[in-house]
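Asks: Starting from these lines, generate the structure:
(chains A, B, C and D)
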Number of protein chains: 2
Amino acid sequence: MGGTRWLDEREARAWRGLQHMHAQLNARLARQLADDSDLSYPDYVVLVALTDQPDGRLRPFELGGVLGWEKSRLSHHVSRMVARGLVTRERCPNDNRGSFVVVTRRGRTAIERAAPGHVDAVRRYVIDRLTPEQLDVLADVATTVLDALAAGDEAAPERRGGTAAGDAA
Amino acid sequence: MGGTRWLDEREARAWRGLQHMHAQLNARLARQLADDSDLSYPDYVVLVALTDQPDGRLRPFELGGVLGWEKSRLSHHVSRMVARGLVTRERCPNDNRGSFVVVTRRGRTAIERAAPGHVDAVRRYVIDRLTPEQLDVLADVATTVLDALAAGDEAAPERRGGTAAGDAA
DNA sequence: CCAACATAGGTGATGTATCAACTATTCCCG
DNA sequence: CGGGAATAGTTGATACATCACCTATGTTGG
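Replies: Residues are numbered from 1 along each chain as shown, chains lettered A, B, ... in the order given. Now for the predicted structure:
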């Protein structure tokens, strides 16, 4: 004990700011989307990924990879979207355990209507408020943190070893 | 139609990076917390806010203000925390409709154990990877975006009017 | 061929977040 | 004082996220 390096003023300002910004921002974007369309934010990103494909379809594991979602989350969400007619599931000819998630006519219409308002909001609250330099810093920070997370995956696949000694001094 | 300014390469890189980073980061921090303690991330921030107070108590509306949570979310979450003995609700002498949320002995113990591991993870994945300059940019960006969100609150408090004509051009 | 294993995906239970009501006080103004 | 209006907080329904577990198919080495 006593080895913990708490955050100093500057660090805390950055960290709390980031957390708070993101919470408020996502709440706002979600509400904007819900008001302007019948899509939730998760619906939106799923539809973006699908309509980015030339044939409007992806295997669930690919879709999960693109979005960074785990399979279970994806499966549940796709089920809800199927129920609302935004996507369908189709059988995969090559691999009988697999399937495709395919955007429907209705799904395309929905996202085409929702996208302008959403992008507009993203600009209004974020992009258009920042300088190009700030945007680049954000992108770099994201890359750095995502790398650190990926590295942590391999370094600590085991839970709670005796590894704590390192920074205790 | 046609009036939408889509994101260019640089903007998209920043925006997608930010979103992706945050999703992955929060997932990781939540899991780390769940593994090392019996606290969820929301539990953690509630307990931090309460233990920041000299008497370990706050009115729900104050707590909601600090966290940026709406009252309903807070009420539900506090109920779950009460059920687990982390906090209690007490009556407010001054205002009979109100109450206090008070951290318990058990709640204090829980956060004191959880905090070092959490701060350590925040450092490992974020703070210690970034330069002081990057930290400052993050803090500035957060301030800017939060201001934009606050401004948007007043500008558009009404939902669903006939106001659609504005951005159609 | 077939036993072990990995991969693709789905399911049910539980915890969390949001919305739309709803109750109970307090405030305030006539 | 009395009757709105604002404020403090709760509740129920629904959507979303995660976990642990489960099934089915494919793959591979003996």
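
Asks: The longest helix anywhere in chain A - contacts with which helices or strands?
Replies: Assignment by DSSP state H gives helix A:9-36 as the longest helix of chain A. Using 3 or more C-beta pairs under 8 Å, 6 or more residues apart in numbering or on different chains; DSSP states H and E, the elements in contact with helix A:9-36 are helix A:41-51, helix A:105-125, helix B:9-36, helix B:132-155. From N, CA and C alone the C-beta is placed, and that goes for glycine too.

Asks: buried sites along that helix?
Replies: A:11, A:13-15, A:17-25, A:28-29, A:32-33, A:36 (16 or more other C-beta atoms under 10 Å in any protein chain shown).

Asks: That helix vs DNA strand C: in contact?
Replies: Yes: using C-beta under 7 Å from any atom of the strand, helix A:9-36 reaches DNA strand C at A:27, A:30-31, A:34.

Asks: do stretch A:48-65 as well
Replies: Yes: contact between stretch A:48-65 and DNA strand C, assessed by C-beta under 7 Å from any atom of the strand, occurs at A:59-62.

Asks: Taking the centroid of chain A, which residue is nearest it?
Replies: In chain A, the centroid-proximal residue (C-alpha atoms, centre = their mean) is residue A:67; its distance is 5.5 Å.

Asks: Just the buried ones out of the residues of stretch A:48-65 next to DNA strand C, please.
Replies: residue A:60.

Asks: and the residues of stretch A:48-65 next to DNA strand C as CSV, adding pLDDT?
Replies: Below are those laid out as CSV (pLDDT from 0 to 100):
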residue, pLDDT
A:59, 98
A:60, 98
A:61, 98
A:62, 98
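
Asks: Serialize the helices and strands packed on helix A:9-36 to a markdown table and add fields for mean pLDDT and distance to residue B:97.
Replies: Shown next, in a markdown table, are the helices and strands packed on helix A:9-36 (pLDDT from 0 to 100; distance: least, C-beta to C-beta, whole Å):
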| stretch | mean pLDDT | distance to residue B:97 |
| --- | --- | --- |
| helix A:41-51 | 98 | 34 |
| helix A:105-125 | 97 | 35 |
| helix B:9-36 | 96 | 34 |
| helix B:132-155 | 91 | 25 |
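
Asks: between these, which gets nearest to residue A:80?
Replies: Comparing these by their distance to residue A:80 (C-beta to C-beta), the top pick is helix A:41-51, with 8.4 Å.

Asks: Need the CA coordinates for that closest one. PDB is fine.
Replies: Presented in PDB, the C-alpha positions along helix A:41-51 are these (Å, rounded to 0.1, in the frame of the first residue of the first chain):
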ATOM      1  CA  TYR A  41     -27.200   4.800 -31.800                       C
ATOM      2  CA  PRO A  42     -26.300   1.100 -31.900                       C
ATOM      3  CA  ASP A  43     -28.700   0.600 -34.800                       C
ATOM      4  CA  TYR A  44     -27.000   3.400 -36.600                       C
ATOM      5  CA  VAL A  45     -23.500   2.000 -36.400                       C
ATOM      6  CA  VAL A  46     -24.600  -1.400 -37.400                       C
ATOM      7  CA  LEU A  47     -26.400   0.000 -40.500                       C
ATOM      8  CA  VAL A  48     -23.300   2.100 -41.400                       C
ATOM      9  CA  ALA A  49     -21.100  -1.000 -41.300                       C
ATOM     10  CA  LEU A  50     -23.500  -2.900 -43.400                       C
ATOM     11  CA  THR A  51     -24.200  -0.200 -46.000                       C
END
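
Asks: Quick one: name whatever helix or strand follows it.
Replies: strand A:57-58 (DSSP states H and E).

Asks: by contact count, what packs against that following strand?
Replies: By 3+ C-beta pairs under 8 Å, 6+ apart, strand A:57-58 packs against helix A:41-51, strand A:99-103.

Asks: is it possible to export those to CSV including mean neighbour count and distance to residue B:124?
Replies: Below are these laid out as CSV (neighbours: other C-beta atoms under 10 Å in any protein chain shown; distance: least, C-beta to C-beta, whole Å):
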stretch, mean neighbour count, distance to residue B:124
helix A:41-51, 20, 28
strand A:99-103, 21, 35
